[in-house]
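**Student:** give me the fold of what follows.
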Amino acid sequence: MKCKKALDARKLSHRDLEILRMSAIKRVEAGESPEDVAIGLGINRRGIYRWIAAYHSGGKEALRAKPIPGRPAKISAAQMAKLARIVREKNPMQLRFPFALWTLEMIRELLARDFKVRLSTVSVGRLMKRLGFTPQRPLYRAWQQDPILVERWRSEEYPKLAARAKRGKAMIFFADESGVRSDAHSGRTWAPQGMTPVVTATGARFGFNMLSAVGAKGDFRFMIVETRVNAKVFRTYLQRMIKGMKRKIFLVVDGHPAHKAKLVRKFVEENSKRIELFFLPPYAPELNPDELAQAHVQSRLGRDTVRTKEQLKCMALGVLRRLQILPHIVTGFFHAPTCAYSS
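**Tutor:** Down below sits the predicted model:
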């Protein structure tokens with residue numbers, strides 16, 4: 001297959017070149033990377049970084065067919081391309097920074113130290129946006145996780161499981177369990193600068209455990225227990241899951257000891273026509289959409305204050321039952337980047 005020949009911007013009219021520049025910058029501002037935009041428009045990568053440098057220095061006027069002269073850019077197109085490559089491919093600790101996450105201050109220091117370019121933090125923020133970067137919450141992974149097993153699950157094992165479920169008209173659920181505590185709080189509130197608000201809450205510690213399972217079409221099943229989740233509790237949960245179900249259940253779980261206990265294996269064998277267990281790769285909770293359901297419940301409960309265990313349980317039941325009558329929320333968990341393979 002022949003490679004797409006780069007567009008020679010010198011052959012374009014002033015008007016067409018201006019439109020091309022504006023279109024390219026608009027796409028970068030919308031979140032596309034400069035490299036992807038260059039490939040999509042068939043232009044040289046060095047060219048798009050020159051346009052970004054001009055835009056960063058002089059705004060839209062600098063992209064006109066006959067740009068208005070202004071102060072020279074503090075950072076060149078070549079430096080922009082190098083900066084984008086570093087932030088995209090390098091861990092800050094590889095460059096002698098103390099932390100593993102890029103911050104505007106660290107990028108500002110990098111520009112001053114290695115590029116001899118001095119910009120304000122605000123200017124660095126604008127620059128990174130124009131290079132196609134946005135601030136994002138990172139996804140954490142256990143160092144014990146085996147990426148080969150994760151990829152095999154995504155590309156081989158789960159597709160086989162889904163095909164089996166389709167042939168046998170079985171329902172696929174992902175299950176998990178977590179604890180709910182009275183001293184777990186989340187959320188933010190507005191307040192005058194320097195005056196951190198205080199929310200009164202009980203000093204007593206109490207809680208319980210919840211088990212839940214989600215299906216890609218919005219199905220949601222749950223159970224609350226005040227004991228720890230052991231083999232007997234998990235077996236009881238499985239009994240409740242298959243009760244009244246007309247279709248076989250393929251239940252995907254992690255490697256929790258309760259899931260692999262002899263008591264559970266025996267129950268599954270005795271009910272093999274109604275339920276079957278499948279196991280996620282070790283240390284890969286991000287592959288389980290029910291993790292997001294659990295986080296959804298926790299975030300809703302963490303915003304309120306409670307005084308008694310009964311009150312906490314009542315609130316939890318309200319959130320859990322709400323998920324049952326709003327299947328589109330449950331379906332949304334399957335469209336998260338790490339769980340999209342299961343949707």
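
**Student:** let me see the mean pLDDT of the longest strand anywhere in the chain.
**Tutor:** Taking DSSP state E as the criterion, the chain has its longest strand at strand 171-181. Per-region confidence: strand 171-181 scores 89 on mean pLDDT.

**Student:** so which elements touch that strand?
**Tutor:** With contacts defined as 3 or more CB pairs under 8 Å, 6 or more residues apart in numbering; DSSP states H and E, the packing partners of strand 171-181 are helix 158-168, strand 207-215, helix 231-242, strand 249-253, helix 289-301. (Each C-beta comes from the backbone N, C-alpha and C, glycine too.)

**Student:** return the distance of stretch 33-48 from the chain's centre.
**Tutor:** Averaged C-alpha coordinates place stretch 33-48 at 27 Å from its chain's average position (CA atoms, centre = their mean, to the nearest Å).

**Student:** my bad, stretch 48-58
**Tutor:** Averaged C-alpha coordinates place stretch 48-58 at 31 Å from its chain's average position (CA atoms, centre = their mean).

**Student:** may I see the buried residues of it?
**Tutor:** 48-56, 58 (16 or more other CB atoms under 10 Å).

**Student:** now it: mean pLDDT?
**Tutor:** 80.

**Student:** what's in contact with that stretch?
**Tutor:** 21, 24-25, 28, 34, 37-38, 41, 62-63, 67-68, 70-78, 80-81, 126-127, 130-131 (CB atoms under 8 Å, 6 or more residues apart in numbering).

**Student:** quick one: buried ones out of those residues?
**Tutor:** Those of the contacts of stretch 48-58 that meet the buried threshold are 21, 24-25, 28, 34, 37-38, 41, 62-63, 73-75, 77, 80-81, 127, 130-131, by 16+ other CB under 10 Å.

**Student:** my guess is Thr121 contacts Leu104. True?
**Tutor:** Yes. With contacts defined as CB atoms under 8 Å, Thr121 counts as touching Leu104 at a distance of 5.1 Å.

**Student:** okay, the two: which has more neighbours?
**Tutor:** Set side by side, Thr121 and Leu104 show more neighbours around Leu104, with 17 against 11, by other CB atoms under 10 Å.

**Student:** angles on the backbone of that one, please.
**Tutor:** Phi and psi for Leu104, reported as degrees, to the nearest 10, are phi -60, psi -40.

**Student:** please apply the same query to the one 5 residues further on.
**Tutor:** Backbone geometry at Glu109, expressed as degrees, to the nearest 10, gives phi -70, psi -40.

**Student:** any idea what sits nearest it, other than its immediate chain neighbours?
**Tutor:** Excluding its sequence neighbours, the residue lying closest to Glu109 (CB to CB, 6 or more residues apart in numbering) is Phe97, at 7.8 Å.

**Student:** name the SS class of that neighbour, please.
**Tutor:** For Phe97, the secondary-structure state derived from DSSP: H, G, I helix; E, B strand; the rest coil is coil.

**Student:** list the contacts of it.
**Tutor:** Under the criterion of CB under 8 Å, 6+ apart, the neighbours of Phe97 are 106, 109-110.

**Student:** same check, this time on Ile75
**Tutor:** The contact partners of Ile75, taken as CB under 8 Å, 6+ apart, are 53, 56, 83, 111, 115, 117, 119, 127.

**Student:** just the pLDDT at it, thanks.
**Tutor:** Ile75 is assigned 87 on the pLDDT scale.

**Student:** give me the element it is part of.
**Tutor:** With secondary structure defined by DSSP states H and E, Ile75 is part of neither a helix nor a strand.

**Student:** how close does it sit to Val233?
**Tutor:** Going from Ile75 to Val233 by CB to CB, to the nearest Å gives 59 Å.

**Student:** next one: Lys82
**Tutor:** Noted for Lys82: a distance of 56 Å to Val233, by CB to CB.

**Student:** swap in Met210?
**Tutor:** The separation that Met210 has from Val233, given CB to CB, amounts to 11 Å.
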